[in-house]
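In: Sequence and computational prediction follow.
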Amino acid sequence: MALKDTWAKERSQRLTEIAERKLEVAQHRQQTQAELRAIRQELNEEAQVLHTMLQEFVTKLQETGLAEKQQRQLDNAERHQQVRTMLEDYVEALRLYEQQARQERLEDIAKRKQEVLELKLEVLQLQEQFSSDRALMSQELTETLQRFRTKLHDYVWGS
């Protein structure tokens, strides 16, 4: 019986140790679960803070992107207006240049016509002078010829 009592005692002792271990494991499990809940709660809070920060960042990013887009649109509109003004100024300058060039060409044409008319007048004057000189020379030649004939007649027939 002593062996049975020893065995029962050891068995009881082992059961007590197992029960104590189970109790320790249950306490450890409860403690671990509590720690996990606390960690989850802390992670949820941190996730919520990070989510809020991320939302604020995204909102700021969207606002900044929208502001930059509006600024780019304003800049593009301003540049478009500047280019349009420059093109209008360029077209006006070209129109004035063409008008001035046309006026210069017309003046040059009028000047050349005037030169041509002056040359024609000079040619006409020279032709008249030449005709007058020719008529004068013809008259002098006729008179000289007449005198020569008279002298020849006098010489041949005697006076």
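Out: Cool, the structure landed.

In: which stretches of this structure aren't confidently modelled?
Out: Along the chain, segments meeting pLDDT under 70 span 1, 159.

In: Show me where it has its helices.
Out: Taking DSSP state H as the criterion, the chain contains helices spanning 2-157.

In: so how far is Thr32 from Arg14?
Out: Counting by C-beta to C-beta, to the nearest Å, the gap from Arg14 to Thr32 is 25 Å. (C-beta placed from N, C-alpha, C; glycine too.)

In: Actually, Ala135.
Out: 147 Å.

In: for Glu104, same thing?
Out: In terms of C-beta to C-beta, Glu104 sits 102 Å off from Thr32.

In: Leu50 too?
Out: Leu50 sits 25 Å away from Thr32, going by C-beta to C-beta.

In: With Thr59 instead?
Out: Thr59 is 39 Å from Thr32, by C-beta to C-beta.

In: same thing with Glu115?
Out: Separation of Glu115 from Thr32 (C-beta to C-beta): 117 Å.

In: residues contacting Lys22?
Out: By C-beta atoms under 8 Å, 6 or more residues apart in numbering, Lys22 lies in contact with nothing.

In: Check Ala38 too.
Out: Ala38 neighbours (C-beta under 8 Å, 6+ apart): none.

In: how near is it to Met86?
Out: Separation of Ala38 from Met86 (C-beta to C-beta) stands at 69 Å.
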